[in-house]
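S.K.: with the input below, show me the fold.
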Amino acid sequence: MQMFILILALFITGCASTPVPLDKAALISKDRIYYQPPPPTNKPAARSIFIRDRGIQGNMVNAHIFINGIHAAALDVGERADFSLEPGEYIFTVKPTDPLGMTVSDSLNQTLYSGKDHLYRVFFDGNSWRIQRVHPEIQNNP
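M.R.: Here you go, the predicted structure:
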């Protein structure tokens, strides 16, 4: 019985996704950046950083990031994509590569502020893909 519990515990923790600290996330390859927003005009940019978790779950597909409905990037495991955006209202969406159209996307409405970094975690929770705002102070000091 103890062996069964040990194997079950290893299986569950092995399948969990793990947040990647900003300084450990690999910068996404330029060929998987599909959208480059125009530079902000009248105020300093708001920087949005999307970091995909590491782990077994969901690692067979890319996580596609959409900014206001525009396909922006395709993140692989442990990667990050940075965008300098005009301050204001945005809808960020994550969808996996899904040729059959069977998965549900997750969206997040956000207000971006001039001169600020806005950090987002992209992960698969076992049932669906998620995008979650993370405060830089918490993300860098787990």
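S.K.: and residue 96, how far is that from residue 111?
M.R.: Distance check for residue 96 against residue 111: by CB to CB, to the nearest Å, it reads 26 Å. In short, each C-beta sits where N, CA and C put it, glycine included.
S.K.: who has more neighbours out of those two?
M.R.: More crowded of residue 96 and residue 111, by other CB atoms under 10 Å: residue 96, with 18 against 10.
S.K.: what's the spacing between the residue nearest to that one when sequence neighbours are not counted and residue 19?
M.R.: Distances taken as CB to CB, 6 or more residues apart in numbering place residue 61 nearest to residue 96, at 4.5 Å, with adjacent residues excluded. To residue 19, residue 61 is 19 Å away according to CB to CB.
S.K.: let me see the contact set for the closest residue to residue 37 other than its chain neighbours.
M.R.: Spatially, and ignoring its direct neighbours in sequence, residue 37 is nearest to residue 85 (5.5 Å; CB to CB, 6+ apart). The neighbours of residue 85, taking CB atoms under 8 Å, 6 or more residues apart in numbering as the test, are 37, 40, 45, 46, 47, 48, 67, 112.
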